[in-house]
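# Make a model of this:
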Amino acid sequence: MDNLSFHITDITANSIRAGATEIGLLISDSKDAIEICVKDNGCGMDAETLARVTNPFYTTRTTRKVGLGLPFLIQNAEQTGGSVSIISELGKGTTVTARFISTNIDCPPWGDLPATVAMLITGNPDVNICFSYQSGKEFFDLSTNDIKEALDGMPVSHPKVMLFIKDMIRENIGGN
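Numbering: from 1, shown residues only. Now for the predicted structure:
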């Protein structure tokens, strides 16, 4: 995965497959580091699964025999001098936190973060995705539920809504 937005999509997709109805996507972008935290209320993992989940040849999916998302995330974070932590409790959910040292030459670029978040929200209307972005003293947040309330019945999956969300995020967090 060659950008941070791909990692965000992958980890969030894991949360959705785990049955999450609430997903927090928290991003902190400081001068020296980027921290991405995806926290869900999905099915969570037991200790045995949690111990194996970073092995690229382990997956709970039946459609393929490998699970490369978390190993790639760990590799990319560690290449920058960063780290990844995974905390999970069966029946309660999972939190994946990745820290990238943004001043390191190996830090992947953002990709299109506004389009990624807009796609996650509009593509999963039954999941309340709570997006928070902090850079220095600037802070921006929005959630699927807030958007639904503002739309007053218009479906969040409408293409014009996706463009609106993408533009709103881009205006509030810059070009990331």
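# switch to C-alpha atoms for all contacts and neighbour counts from now on
Fine.
# Please pull out the lowest mean pLDDT helix or strand from this protein.
The weakest-scoring helix or strand in the chain, judged by mean pLDDT, DSSP states H and E, is helix 47-52 (a mean of 89).
# Do you have the helices of the chain handy? List them.
With DSSP state H, the ranges of helices along the chain come out as 4-17, 47-52, 69-79, 113-123, 144-151, 159-173.
# what sits against the residue nearest in space to the middle of the chain?
In the chain, the centroid-proximal residue (CA atoms, centre = their mean) is residue 8; its distance is 3.4 Å. Shown in contact with residue 8 (CA atoms under 8 Å, 6 or more residues apart in numbering): 36, 38.
# returning to what we had before: looking at the helices of the chain, which is nearest to residue 32?
Among the helices of the chain, the nearest to residue 32 by CA to CA is helix 69-79 (13.4 Å).
# hmm, who's touching the closest one?
For helix 69-79, using CA under 8 Å, 6+ apart, the contacting residues are 1, 7, 10-11, 53-56, 83-84, 98-101, 106-108.
# Stretch 130-150 too?
Against stretch 130-150 from outside (CA under 8 Å, 6+ apart): 22-31, 117, 121, 125, 127-129, 154-156, 172-173.
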